[in-house]
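Asks: Sequence plus predicted model, see below.
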Amino acid sequence: MKKGFVAFLLILFLLEGSVFQLLLPQAWGSTFVVIPQLVVSGILVISLYLPKRYVLMFAFSFGLLHDIVYGPAWGVTAFALAAVAYGTYLLANHFPPFVWIVGVAIVLGQCCYTLLVYGWYRLFGFTNMPFLFSFMTHIVPTLVFNAISAYPIFRFIHYVYMKKRNRQVVFDTIIR
């Protein structure tokens, strides 16, 4: 099952870097900038179901992959994604994975991730954009887009997880 999640996250990584770049508002000349973060949504959803070590391993490795391919510095996205995924994992231990709880957790996780990355880039001087302008033209449209695109990701991962879980329950009852 973990190999399937890795393959799914790789597909999301490829989609956010290729297909979605042609469909976003900045490609059509808009002043609003949407940054697709499908892998972040996928890792936040996976953190609701998998153990802590897998969540941190997936988050750090895909964050480092994102840093190598897109980032100006290595480790910024890896740290931010691992921290947010761990926070979502801790939140998931207190609540059952209802749809509205997952939605709130993903929106909070996306917001924390985006603010962490912006803060690190601002600290290291990779961006000089003022916070209010960045918040209105980059962060809010990004959060709206990623919250909407996280729902199908959640439904797919939930379906795969429940299918695997039901198959395991049936197998365990046959064995006993």
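Replies: Alright, I've got the coordinates. Residues are numbered from 1 along each chain as shown.
Asks: Does C111 touch V144 like I think?
Replies: No. Taking contact to mean CB atoms under 8 Å, the distance of 11.1 Å between C111 and V144 leaves them out of contact. The C-beta positions use only the backbone N, C-alpha and C, and glycine is treated the same way.
Asks: who has more neighbours, those two?
Replies: More neighbours surround C111 than the other of C111 and V144, with 17 against 14 (other CB atoms under 10 Å).
Asks: Just give the nearest non-adjacent residue to A59, would you?
Replies: Once flanking residues are discounted, A59 sits nearest to A85: 3.8 Å by CB to CB, 6 or more residues apart in numbering.
Asks: Just the element for the one you found, please.
Replies: Assigning secondary structure by DSSP states H and E places A85 in helix 76-92.
Asks: Just the residues contacting that helix, thanks.
Replies: Contacts with helix 76-92, where a contact means CB atoms under 8 Å, 6 or more residues apart in numbering, come from 40, 43-44, 47-49, 52, 55-56, 58-64, 66-67, 71, 105-106, 108-109, 112-113, 116-117, 120-121, 124.
Asks: Great, nothing more from me.
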